[in-house]
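**Student:** what follows is a protein structure lacking sequence information:
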């Protein structure tokens, strides 16, 4: 029901559109910007001048274009100078990165995460990373803000971690702790790791240009980041995408959530290890060991991979019927399971999903690899800059 | 990546915002429009004048306001003069209505739909309805276009019905047939009945003001219209929302789709009738008979209702984990099943869905009743008017 924008809002939209374009596509000629954004040359010139003054982009002559005439100026993001901090809080480790406008990781840190650490205890470790990285930041840099990817259910309003069963967090005030230690005058955005990684793959990865995407992410549990009609589906409170707790097997095993037969009891790390007769093993490396064994011809490991692959395809078929996506991306440990059992996944998908819902769906692995969580967390921070470049810059 | 709008686009947006406001809220004072749309009084005056000239709204003095001073002018939609045709193609019947701007049904027709009728054979019956209704349309009226709700999977691009198992349609060119017989110079939009009814309940029904909604619709089968972040989730080709074919019981009954244990095999019309020992009965009236019998104390009917209610709650819990909605609406035959088994539904939801995902979810029945399909179909047509009032008007 919103009315049309004012002159000032239009300028802000145009600045954001230009900056977003070079943020996603990198160095771009003024001529291409004029065509793509549908603005005339003088407007592009004025917008570029404003963004240059704010230190967000720079301009230079294009290199040899092979064409006659005056070379077009090229606008590029100030990737070394404009940056966000990105954090990833995982079950087994903590990561931090300084990410430049344009999506390049400029610096990074990583450490093991001792099990049992609370949110309050975790944040100082991230703050240490920032202190270490901050020494190398050029003096005239522009800090945009920070974003965090966390394996848990994040309340959108205040970054409270409602439930992160695999780190043992219940109602941990991560947002508050981060705001106190790491805000540095700019807001901190927090998102579930699957949502954040989906955001990254959609912005500049495997799903670039796709408007309907399911990004399935596995570590100990399984969640999804969902893009529908080009927008993230995060639900009323921010808890959407808990596909790991879609019950697929009412006669199945008890789940840590208190229910029974959740999808993650059939496709999670523990399901594969149990099926392979390695009930006592834990962790991603143990999962890879099973997949390696299957690859080397171990019959029990092969059967385990097939069984989990069947259930993976089964649940994907359900999601395909619900969302009619054009792409499903398998991330985290789901990438390895999918690659080992692609035939099972595709076969189940074909036999269960409705033809119209599945006909154009592509099954893919991530392009950004492990960096998706960090790049997506940085994108959360860049979103604010892109919404209003000169206010945040 | 779109740039900010031109002056002309802004004017179009403002015209659309004003017209949408009175379309949804009815007669509104200029003072309220000024406040709500954030535009100054002279702009509101100019926009109203343009819309009045186009015959889309009218103005009059407000009745007694109880306040001193000059009475504010009231802007109202030209509900009798600006209209869309709406059609609903159902398993057992065909309906058509003339719907005025503002959502009022001005005229309606209905007939039984003989089973076995193709799309080509159906359209002439709808065209008959239009001829009957058209005689009563005032001479200076503005026809906006038509919308259709159909129980089947609709290809967004051209209105081909890919699959409508319960009418027996496979790849029926409904869009083409409608365009030929009913376009009358304006486009015809086609949507799945659950999507269309969800749209209506979101625009002016039970879900008004809710941004994350699942509208579950049952007739012979079961589908859903989904609103996420205020926008319809229809998927890549338009086939999203096929929640009836989410497999919930891998050990369950074969489904007409070729799979097994689909949710609709546990909660559809046939599931309730079978559980009640009435395998040979069919149709909505037969379903109501079982619910009535349960209400009167028939033990077998009660057990059947409880069983179907359990499965209904089970699948709703899955959807709540995936979407974290603020409202689930039970429409069509799901309304009756829900009302008869609300305790089972709520109990299953509470035991299966994650607390954070379900904590704010309200379970509701539709406000628009059977008219949701017709009103939603008309909304499809009004959408085009609201996007560009003076072009379409």
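**Tutor:** Here it is on my side, so go on. Since this is a predicted model, take the numbers as computed values, not measurements.
**Student:** now the helices for the stretch 201-350 of chain A?
**Tutor:** Remark: helices assigned in the stretch 201-350 of chain A by DSSP state H, counting those that start in this stretch are A:263-267, A:269-275, A:284-295, A:299-323, A:333-340, A:342-352.
**Student:** okay, the angle between the fourth one and helix A:333-340?
**Tutor:** Put plainly, it is helix A:299-323. Interaxial angle, helix A:299-323 versus helix A:333-340 (axes from the mean of the first three to the mean of the last three C-alpha atoms, to 10 degrees): 110 degrees.
**Student:** again, but for the last one
**Tutor:** Orientation of helix A:342-352 against helix A:333-340 (the same axes, to 10 degrees) gives an angle of 90 degrees.
**Student:** what does the average pLDDT come to for helix A:342-352?
**Tutor:** Across helix A:342-352, pLDDT averages out at 97.
**Student:** what comes up buried for it?
**Tutor:** By neighbour count on 16 or more other C-beta atoms under 10 Å in any protein chain shown, the buried set for helix A:342-352 is A:342, A:344, A:345, A:346, A:348, A:349, A:352. For glycine as for every other residue, the C-beta is placed from the backbone atoms N, C-alpha and C.
**Student:** list the contacts of that helix.
**Tutor:** Helix A:342-352 is contacted from outside by A:306, A:309-310, A:312-314, A:316-318, A:320-321, A:338, A:358, A:361, A:363, B:247, B:258-259, using C-beta atoms under 8 Å, 6 or more residues apart in numbering or on different chains.
**Student:** what's the following helix or strand after it?
**Tutor:** helix A:355-358 (DSSP states H and E).
**Student:** show the contacting residues for residue A:114.
**Tutor:** Contacts of residue A:114 (C-beta under 8 Å, 6+ apart): none.
**Student:** I'd like the distance between it and residue A:176.
**Tutor:** 22 Å (C-beta to C-beta, to the nearest Å).
**Student:** so where's the stretch 101-250 of chain A shaky on pLDDT?
**Tutor:** Confidence mapping of the stretch 101-250 of chain A against pLDDT under 70 gives the ranges A:183-185.
**Student:** interface residues of it facing chain B?
**Tutor:** A:153, A:155, A:162-163, A:211-212, A:224, A:226, A:228-229, A:231-243, A:245-250 (C-beta under 8 Å from any C-beta of the partner chain).
**Student:** phi first, then psi, for residue A:24.
**Tutor:** With angles defined as degrees, to the nearest 10, residue A:24 sits at phi -80, psi -40.
**Student:** that one contacts residue A:202, correct?
**Tutor:** No: between residue A:24 and residue A:202 there is no contact under C-beta atoms under 8 Å: 10.5 Å.
**Student:** give me the neighbour count for the nearest residue to residue A:252 once chain neighbours are set aside.
**Tutor:** Distances taken as C-beta to C-beta, 6 or more residues apart in numbering or on different chains put residue A:261 closest to residue A:252, at 3.1 Å, once the chain neighbours are dropped. By other C-beta atoms under 10 Å in any protein chain shown, 19 other residues sit near residue A:261.
**Student:** how far away is residue A:261 from residue B:100?
**Tutor:** The value you get for residue A:261 to residue B:100, if C-beta to C-beta is used, is 50 Å.
**Student:** tell me which helix or strand residue A:143 sits in.
**Tutor:** If you go by DSSP H and E, residue A:143 is part of strand A:142-150.
**Student:** and the strands in the stretch 1-150 of chain A, which stretches?
**Tutor:** For the stretch 1-150 of chain A, the strands defined by DSSP state E, counting those that start in this stretch cover A:28-29, A:57-61, A:73-77, A:82-89, A:93-100, A:105-112, A:142-150.
**Student:** before I go, just wanted to say thanks for your time.
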